[in-house]
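Student: here is a sequence with its predicted model. Questions after.
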Amino acid sequence: MFDNLSDKLQKVFKHLRGQGKLTEANIREALREVRMALLEADVHYKVAKEFVAGIADRAVGQEVLDSLTPGQQVIKIVNEALTDLMGGQAVPLNLIGRPPVGILLVGLQGSGKTTTTAKLARKLTNEKRRPCLVPADVYRPAAIQQLTTLAQQLSLPVYPSTVDQRPEDIVKGALDFAKEQNCDTLLVDTAGRLHVDTELMEELARIKAILAPSEILLVADAMTGQDAVQVAGAFHDSIQITGVILSKLDGDARGGAALSIRSVTGCPIKFIGMGEKLDALEVFHPDRMSSRILGMGDMLSIIEKAQEAFDEKQAVELARKFKEDTFSLEDFRDQLRQVKKLGSIQQIMNLLPGMGMMKELKNVQVDEKEFVRMEAIINSMTREERRHADLLNGSRRRRIAAGSGTTVPEVNRLMKSYDEARRMMRQMMGGGPTKKKKGKGKKRKAFFPF
């Protein structure tokens, strides 16, 4: 999402680091390049101007110029300024109040409100809350059915609204319905328009008066760039939004909206949409986003993804199996499934520190289907073969390849990956190296799908 901005900023900083001793003149020249990079990323021109002016004095101060690493000091200042520009720290949802706590989702048509409503419901469910979904968009064809279907996928209650009802009446009925369903949160998906108009704002104002929501969240399409900032300003002026959810930030968005909205409207970005799946909604952390933009990676987000995907009891049991060298192909298959829960490998790679600076890796096309092929190979084995990999002789491997629709070399590569993972992890667990078979002492390179 911030690829172009990241590339340009990293070129500026690389030039600064290469100069050794910095002067006020070359720092100001670098900051002009930073300003141009921000403008090209579709950052609001006033925001870009104020941003550069705000860091100029600090960057040309004596503590930077006299530093042993002035280039790194400038990067540190820019990092801190970017973080402040986007709000400084994550802002949690306000869920305090008498249940059901109301959350109103608003926005223009096509911004992704309905899907985002379901994503937010899933996130709240993971936080041990019980949300009720309310389809209050009676104008867009199939909007009610779409949210109803998504609610069923999440096994959550949804208010049975119909297109012949007034949105205000739907919200009134939903309040009583949520109490009957023992729900503590009410997520209301409202209607949108192709553009901001008086009729839309008046309807939202009436719904707001009935619901008295603790949060009014604007769902803004990040792909629209500065238009998203203008839309946020218009909604805030009319109904006083409390936060923003930027959708479609995984696409070709230049990132300007994420860098401008907080400064222009004063409203924090609370979540960002990073894909179509219902789990692709992330809390917006300004410091982590700044690190991503500057190519420093985002290890905290990787750790949080891993904590969500991996079961603690399974991890303890897995460690025991590695240490005792009883890690089977069934366990290997389970780990492949867990890794898939983290998201695409390309997304994970983009969160690793330094990946933004390594173009040869950043542009690598990862074959996500390799996981599917590896799992198919393991599924084609008998239970005895999965538990005792040493049984896999040549004839068995040919049978497995035929059964999984793969080739014998692919089966062999999978086995190399399995053997290497078992050997490495057992050594890390302090169990010592696995026993090598005669004639198999030569180190083998493991095959991975990335």
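Tutor: That came in fine, so what should we check first?

Student: distance of residue 98 relative to residue 186?
Tutor: Plainly put, residue 98 is 11 Å away from residue 186 if you go by Cβ to Cβ, to the nearest Å. Every residue, glycine included, has its C-beta placed from N, CA and C.

Student: looking at these two now, which is surrounded by more residues?
Tutor: For the pair residue 98 and residue 186, the greater number of neighbours falls to residue 186 (25 against 8), based on other Cβ atoms under 10 Å.

Student: for the more buried one, give me its contacts.
Tutor: For residue 186, the contacting residues are 100-103, 131-132, 134, 174-175, 178, 211, by Cβ atoms under 8 Å, 6 or more residues apart in numbering.

Student: just the helices in the stretch 251-400 of the chain please.
Tutor: Taking DSSP state H, counting those that start in this stretch to define them, one finds helices in the stretch 251-400 of the chain at 256-265, 286-293, 299-309, 312-324, 329-341, 345-351, 359-362, 369-379, 383-387, 394-404.

Student: tell me the domain boundaries of this structure?
Tutor: Following the assignment in automatic domain parsing, the chain carries domains at 3-85, 101-296, 311-428.

Student: just name the most buried of these.
Tutor: The highest mean neighbour count among those, using mean count of other Cβ atoms under 10 Å, belongs to domain 101-296: a mean of 20.

Student: show me where pLDDT drops low in the stretch 101-250 of the chain?
Tutor: Applying pLDDT under 70 to the predicted model, the residue ranges of the stretch 101-250 of the chain that meet it are 225, 250.

Student: follow-up on the earlier one: of the contacts of residue 186, which is the nearest to residue 8?
Tutor: When the contacts of residue 186 are ranked by distance to residue 8 (Cβ to Cβ), residue 103 comes first, at 37.5 Å.

Student: sorry, back to before: the helices of the stretch 251-400 of the chain: lowest mean pLDDT?
Tutor: Set side by side, these show their lowest mean pLDDT on helix 359-362, which sits at a mean of 46.

Student: residues contacting residue 44?
Tutor: Each residue near residue 44 by Cβ under 8 Å, 6+ apart is listed here: 226, 229, 256, 260, 263-264.

Student: please repeat the previous calculation with a cut-off of 6 Å.
Tutor: For residue 44, the contact set (Cβ atoms under 6 Å, 6 or more residues apart in numbering) comprises 229, 260, 264.

Student: I'd guess the first one is in a helix, am I close?
Tutor: Yes. The assignment for residue 229 by DSSP: H, G, I helix; E, B strand; the rest coil puts it in a helix.

Student: export only the CA atoms of the host helix or strand of residue 175, formatted as CSV.
Tutor: Remark: residue 175 resides in helix 167-180, with elements defined by DSSP states H and E. As requested, the backbone C-alpha atoms of helix 167-180 are provided in CSV (Å, rounded to 0.1, in the frame of the first residue of the first chain):
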residue,chain,number,x,y,z
PRO,A,167,-34.3,2.8,8.9
GLU,A,168,-35.3,4.6,12.1
ASP,A,169,-37.9,1.9,12.9
ILE,A,170,-35.3,-0.8,12.2
VAL,A,171,-33.0,0.7,14.8
LYS,A,172,-35.8,1.0,17.4
GLY,A,173,-36.8,-2.7,16.9
ALA,A,174,-33.2,-3.8,16.9
LEU,A,175,-32.6,-2.3,20.4
ASP,A,176,-35.3,-4.6,21.9
PHE,A,177,-34.2,-7.5,19.7
ALA,A,178,-30.6,-7.2,21.0
LYS,A,179,-31.8,-7.3,24.6
GLU,A,180,-33.8,-10.5,23.9
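
Student: mind listing residues that contact it?
Tutor: 100, 132, 134, 136, 159, 161, 186, 206-207, 210-211.

Student: and if you look at stretch 232-250?
Tutor: Applying Cβ under 6 Å, 6+ apart, the set of residues contacting stretch 232-250 from outside is 1, 111-112, 116, 196, 201, 204-205, 208, 215-223, 258, 261, 265, 267-275.

Student: one more: stretch 24-39?
Tutor: Residues outside stretch 24-39 that contact it (Cβ under 6 Å, 6+ apart): 5, 8-9, 12, 16, 48, 52, 56, 59-60.

Student: swap in stretch 392-400?
Tutor: Among residues not part of stretch 392-400, those counted as contacts by Cβ under 6 Å, 6+ apart are 380-381, 408, 411.

Student: what do you get if the cut-off is 8 Å, keeping everything else the same?
Tutor: With contact meaning Cβ under 8 Å, 6+ apart, stretch 392-400 is reached by 377, 380-381, 385, 408, 411-412, 415.

Student: and those as a markdown table, adding distance to residue 33?
Tutor: Output for those, formatted as a markdown table (distance: Cβ to Cβ, whole Å):
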| residue | distance to residue 33 |
| --- | --- |
| 377 | 51 |
| 380 | 56 |
| 381 | 57 |
| 385 | 60 |
| 408 | 54 |
| 411 | 52 |
| 412 | 51 |
| 415 | 51 |
